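In: Quick one: sequence and predicted model below, then my questions.
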Amino acid sequence: MKKIKTLKMNYEFKNVLNRGKYFVNNQVIIYVLKNNLNYNRIGVVVGSKVCKATKRNHIKRLIREAYRKYEKELKQSYDIVMMWNKKTEISEVSFHKILGNMKKSFSKAGILELK
RNA sequence: AAUGUAAGUUAAAUGGUUGCGUGUUGUCAAUGCCGAAAGGCGACACAUGAGGAAAGUCCGGGCUCCAUAGAGCAAAGAUGCUUGAUAACGUCAAGUGGGGGAAACCCUAAGGAAAGUGCAACAGAAAAUAACAGCCAUACUAGAAGUUAGAGAUUAAAGGUUAGAAAUUAAAAGAAGUAAAAUUACUCUAAUAACUAGCUUUUAACCUCUAACUGCUAGUAUGGUAACGGUGAAAAGGCGAGGUAAGAGCUCACCGCCACUGUGGUGACAUAGUGGGUCAAUGUAAACCCCAUCUGGAGCAACACCGCUAUUUUAAUGGAGUAAACAGUUGCUCGCUGUCCAGUAUAAUAGUGCGUGGCAUGAGGCAUAUGGUGACAUAUGUCCUAGAUAGAUGACCAUUCUAGACAGAACCCGGCUUAUAGACUUACUGCUUAG
RNA sequence: GGAGAGAUACCGAAGUGGUCAUAACGGAACUGUCUCGAAAACAGAUUGUGAGGGAGACCUUGCACGCGGGUUCGAAUCCCGCUCUCUCCG
């Protein structure tokens, strides 16, 4: 299973956002919920009022890329929703900051496999 | 050359690692996996993968359904100088009129206000059949005044006359008287006559009355008049001269305006001539409206097919009726469809789906030639370059420079509008500055 | 993606060309009376912003009806273009 599985339907997102635990960070908020499947599923959320379509797509791509970096180190069978924090300024976006922030929040959530 | 004007091109580039969507591509060979097979899924390789605005959704069209979207009227909406281009347009091109600029050039919703209706606050005499004030003429009334004539009164001057009369003169014209002898004196008489008084005439002044006339003032009535009337965004063509009772295009010159005719132009219109003072009427149509032209409605979340669920019972097809009524077709009239019967078999309606199609070869792009001022058209050659469905182009590293703006396809095209760092090309202008 | 509605004071909401919107009207906020205290009731004056003046209370003046243009003598209102908000369609 090399392809990333994604959350698609609206009720799946609501499920994770209502029942899951959440971990707030400067840039990305992470919701985590256990799942009966053998693999992880992710969803990426960027609000429509943050900025216009081009930058929104850019942020989504950065988050997905960062997830791919940590994919092999994560425990399986979780639903994860990564939401962009509205309060952060858009001009501060860069790949390395997102990487660092996501590592912190993953370790807080306890998903990271310790090797 | 700086500055400026117009048109157009481009929208950082190169290499490496890693990652994503799509594919009538190739391989996986008798064994990548599923399946009886057709085939499907997957892996690897290869190819390919976002703009000039993809945006706003402001117009126009294709496409789909509503009957094949049909006819007429009304309503509603849009457009609005002319001619052309186009599938069509509110777009574009070339021109016309108007405005701006020194110029290149730019801007321009630019039909009709004598078809009708509405509105024009405040101010102002009045915001639209011109009324009012004012000015002028005529008539009447009243008032005060003047002139002329008449009458009267008063005053003044001059003259005449009568009466009186100081004074002077005369007596060689007259006569009487007194005193006295005479002379003389006085009186009378005569003449002159200051002066006084009366009467009268003339002139002048003033007053009164009457009559007529004249202009003035006030009022009333009738008529003429639109120059003048503080305001306002806007006031009845402008300015000057003549003219008039007062005035006025009432007349004239110049300017503007309107009509007709001729010429040029397909036309908007331009230009020349002639005529017009009834030149009769302000602005607003981005107020209603009139005129001309155009528009049926809904939209790919349309729609078609497939699977599943629920409810209901009848579709295609054939016949009857096309009389009436009802429903649908956006209001009305027509037209059309449905109803009623027969009829086979499943169908219809509603909902739903990590469903399938619709879905990308098209009013396509590029080059050349021809026609046209141009938009554009025609012909030939050549190219095929996204197609997702929670939605694909990213990340990292290195190098270069001008240090990278606005910004992400979602059925597809033609435009418009809006956002936009710069770089480059072509043509043109010459206020000013420098040479 | 498509279709539609709107923007006026702190909040709601009138005003469809005209004397400055005295920004009507109703809430909210503020002060006072009443009360042991509150609520309710009653009374009161106000509420955006720039500039200037004043010790201060406050006064003067300009701009403001989402923003920018246009039509008109004159736009909150009419027309055009942007910005933002909300609703509906699977």
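Out: Received the coordinates, thanks. Not measured: the values here are computed from a predicted model.
In: Now do the residue most central in space within chain A, the pLDDT please.
Out: For chain A, the residue nearest the mean C-alpha position is A:M82 (2.6 Å; C-alpha atoms, centre = their mean). Per-residue confidence at A:M82 stands at 83 (pLDDT).
In: Backbone dihedrals for it, please?
Out: A:M82 adopts backbone torsions of phi -110, psi 120, taken as degrees, to the nearest 10.
In: show me what contacts it?
Out: A:V28, A:I29, A:I30, A:I42, A:G43, A:V44, A:V45, A:I63, A:Y67, A:M102 (C-beta atoms under 8 Å, 6 or more residues apart in numbering). Using the backbone N, CA and C atoms, a C-beta is placed for each residue, glycine as well.
In: Surely the third one is in contact with A:A109?
Out: What that stands for is A:I30. Yes: between A:I30 and A:A109 there is a contact at 6.4 Å, judged by C-beta atoms under 8 Å.
In: between the two, who's got more neighbours?
Out: Neighbours per residue, other C-beta atoms under 10 Å: of A:I30 and A:A109, the larger number sits with A:I30, 23 against 19.
In: rewinding a little: how near is the residue nearest to the centre of chain A to RNA strand B?
Out: 12 Å (C-beta to the nearest atom of the strand, to the nearest Å).
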